[in-house]
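**Q** I need the structure of the sequence given here:
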Amino acid sequence: MGNGIVSGTVTPNGLWLSLGITHPVHGRVVLTDMPAFPDEERGDQPAARRYRADLAARSRKGFGPVLLLPGEAESFLVEDSLPLAVIDHPGYARIEVLTLAPRGRRGALQILRIAAREKGVGIGIEWQGKMRLARAAYTQLTPGGALPAAPSNTTTSQDGQLIWFDDRQLGASAAIALPPHATVPAGMSLPFAVAIAFGDTLEDAVREAVQLAGEGHDLVGAEVRDRRSWWTGIGRDGDSDHAIRRATAYAIDCAAAQAGEGLVAVLADHEILPLVWTRDAYYVCRMLLELAPRDERVRAVVDGFLRWLFEAAERPAGWWPRASLANGAAKDPAFQLDQQLFPFLLLEDHARLTGDAALRDRYAPRREEMLRALLGKRTTFGLIATDETPADDPLEQPFHFSSHVLLWRVLRDSAPRDAAEVRDATLRGFVDSGRFAYAVRGAGAEGPRHYHDANDLPTVFAPAWGFCDADDATWRATTRFAWSDANDGYFAGALGGLGSLHTPHPWPLGDLQEIVVARTLGDAARERRGWQRLDRVEMWDGLLPEAYDETTGAVASRHHFAWPAALRALLALDPMLKAP
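**A** Residues are numbered from 1 along each chain as shown. Modelled structure (predicted):
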């Protein structure tokens, strides 16, 4: 749950696991029950995977009102957005706890409605659980840029109904406001408001928490009505729109992260890797533009992200890094060719879909300057080397096929002569054994690597973009290879499919690629199977993981991942879409 400023996660019975916010120095700070990830284990993939698994473990205790600990709990999402837990204590009380982050606020609320059973219940909202105010863990699987140590010396205390955390070295504060004790008469129910808030100073955090708690009963009704009317207003209030609503809610509530006045970072996810990849963020924003291109909430996210890209994000050596902190600081400086291109494609899509060319025109000089510099990196045989694949893995063969298809697409309408040169060089440079090589070492398809990865969507978009025809023999051979045992990125099993050596299991992104291929080939049965597999492996709330087990469908990596949820919604919004 979140509101585009704060975002977090709760247990099935409503206890907090984390709540985080963008920080001007550290990118993101969180109030969490997780221990710190040891700095000496950064770059240790098994250790990172263990930590990630612990983040999603049902054994996490969480923190929050003691009342939420015992009893059987049921979990729901109100308006596909707001977690609701219902806990039944036979003979004692029934408790409903709704968790939300009101729009525009630097904190979150929980409304506990307590219904007494046969006799009155004296209620004191006591707090339990270990909490830690800290920089986000950023547990990457691939080697990344080192972060300097985050100095921390948190002071914490409780004063009556107020719990507070203040860390001047970290530069962050948080406060929790609890309601006063009360009695719920037998057969009646009463609501109680609990608030958590962040602040640059302790005074700011306390003020916001106290105000949120005081306004809680009004805010909760307004938030539910507002979200319901928004779904109706954009025409997505039907039962069949559940996956679209869930992807959208995650995009605007959790992936979007306010990073300053008019600036919005779009995170890969809010819990495991609260970092910005321009690639992931493109699909989130493109889905929102498809959903409601002139809507105020959508424009706040997408326009804010474009401003963040061109005005706040650091570009070491002139290029966007592999990954950035939410505050715009470069996290991993590696040069990935496709990461330089998605911002320009988003600029073009934004102007086309909104009918508003202001941002495209504002950043046109920067776009032209960067594209000229990129084209200046071409070798004598017309290709541009990249440090890493779109899966963040290093490449022995530095020239990468799908990134060149994307480069051609970015140039296609604005610089047709350059586009033609790139396409010619790509066709000369990658065709080997009757198909497009994934990557090559040099001119004339020298040293080809034949592989296809769930991250490489431009390859399957190529016909719809016009790079090649749908009946092009080379493209068809490439896609047949991709979904075969000959491809190291294909994982066989009862739920076998396209994945990535980065995380060696099928990926929903691979299933979504297969849906695109099926649409391009006119294979309705294959497309239907792709949708059915996504239904099989989605989370209970409609989100999609990064990867799943090819035999059982259980999550193999990352429960929260904005990119596949957004792409699934994008393809559902337009049943004829074969490329964004």
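**Q** hey, where'd the strands end up in the stretch 101-250 of the chain?
**A** With strands called from DSSP state E, counting those that start in this stretch, the stretch 101-250 of the chain shows them at 107-116, 121-123, 127-128, 132-135, 155-159, 162-167, 172-177, 182-184, 189-199.
**Q** Which one of these lies nearest to Q513?
**A** strand 132-135 (34.9 Å; CB to CB). (C-beta placed from N, C-alpha, C; glycine too.)
**Q** List the neighbours of the closest one that are in contact with it.
**A** Contact partners of strand 132-135, identified using CB atoms under 8 Å, 6 or more residues apart in numbering, comprise 23, 26-36, 150, 152, 154, 156, 165, 167, 170, 172-174.
**Q** one step back: single out the most deeply packed of the strands of the stretch 101-250 of the chain.
**A** Mean neighbour counts were taken over the strands of the stretch 101-250 of the chain using mean count of other CB atoms under 10 Å, and the top value, a mean of 27, falls to strand 172-177.
**Q** If you average the pLDDT over it, what comes out?
**A** On average, the pLDDT along strand 172-177 is 98.
**Q** who's in contact with it?
**A** Contacts of strand 172-177 (CB under 8 Å, 6+ apart): 23, 26, 29, 31, 127, 133, 161-167, 194-202, 204-206, 208-210, 212-213.
**Q** from the chain's centre, how far out does stretch 255-265 sit?
**A** On the basis of CA atoms, centre = their mean, to the nearest Å, stretch 255-265 sits 14 Å off its chain's mean C-alpha point.
**Q** Tell me, how many residues neighbour G187?
**A** G187 has 11 neighbours, counted by other CB atoms under 10 Å.
**Q** Name the nearest residue to it, ignoring sequence neighbours.
**A** A116 (6.6 Å; CB to CB, 6 or more residues apart in numbering).
**Q** How much space separates the one you found from H217?
**A** 19 Å (CB to CB, to the nearest Å).
**Q** cool, V537 as well?
**A** With the distance defined as CB to CB, V537 ends up 39 Å from H217.
**Q** Between those two, which has more neighbouring residues?
**A** V537 (22 against 13).
**Q** Let me see the contact set for that one.
**A** By CB under 8 Å, 6+ apart, the neighbours of V537 are 495, 508, 544-545, 548, 553.
**Q** Switch these over to CSV; also include distance to V6.
**A** What follows is the contacts of V537, written out as CSV (distance: CB to CB, whole Å):
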residue, distance to V6
L495, 35
P508, 27
L544, 23
P545, 23
Y548, 29
G553, 32
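**Q** Mark which of these are buried, thanks.
**A** 495, 508, 544-545, 548, 553 (16 or more other CB atoms under 10 Å).
**Q** Among those residues, which one lies nearest to W231?
**A** L544 (20.1 Å).
**Q** The closest one touches F561, doesn't it?
**A** Yes: using CB atoms under 8 Å, L544 makes contact with F561 at a distance of 6.4 Å.
**Q** wait, doesn't the residue nearest to G187 sit right on G122?
**A** No: the criterion here is CB under 8 Å, and A116 misses it with G122 at 9.7 Å.
**Q** Can you pull the residues that touch both of those two?
**A** The contact lists of A116 and G122 share V184, where a contact means CB under 8 Å, 6+ apart.
**Q** any idea which of the strands of the stretch 101-250 of the chain scores lowest on pLDDT?
**A** Across the strands of the stretch 101-250 of the chain, strand 121-123 has the smallest mean pLDDT, namely a mean of 73.
**Q** Against which helices or strands is that one packed?
**A** strand 182-184 (3 or more CB pairs under 8 Å, 6 or more residues apart in numbering; DSSP states H and E).
**Q** Which parts of the stretch 201-350 of the chain are helices?
**A** Shown for the stretch 201-350 of the chain, the helices assigned by DSSP state H, counting those that start in this stretch span residues 202-233, 242-250, 278-291, 296-307, 337-354.
**Q** Output these as JSON lines; include the columns mean pLDDT and distance to D574.
**A** As requested, the helices of the stretch 201-350 of the chain are exported to JSON lines (pLDDT from 0 to 100; distance: least, CB to CB, whole Å):
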{"stretch": "helix 202-233", "mean pLDDT": "96", "distance to D574": "18"}
{"stretch": "helix 242-250", "mean pLDDT": "97", "distance to D574": "11"}
{"stretch": "helix 278-291", "mean pLDDT": "98", "distance to D574": "6"}
{"stretch": "helix 296-307", "mean pLDDT": "98", "distance to D574": "16"}
{"stretch": "helix 337-354", "mean pLDDT": "98", "distance to D574": "12"}
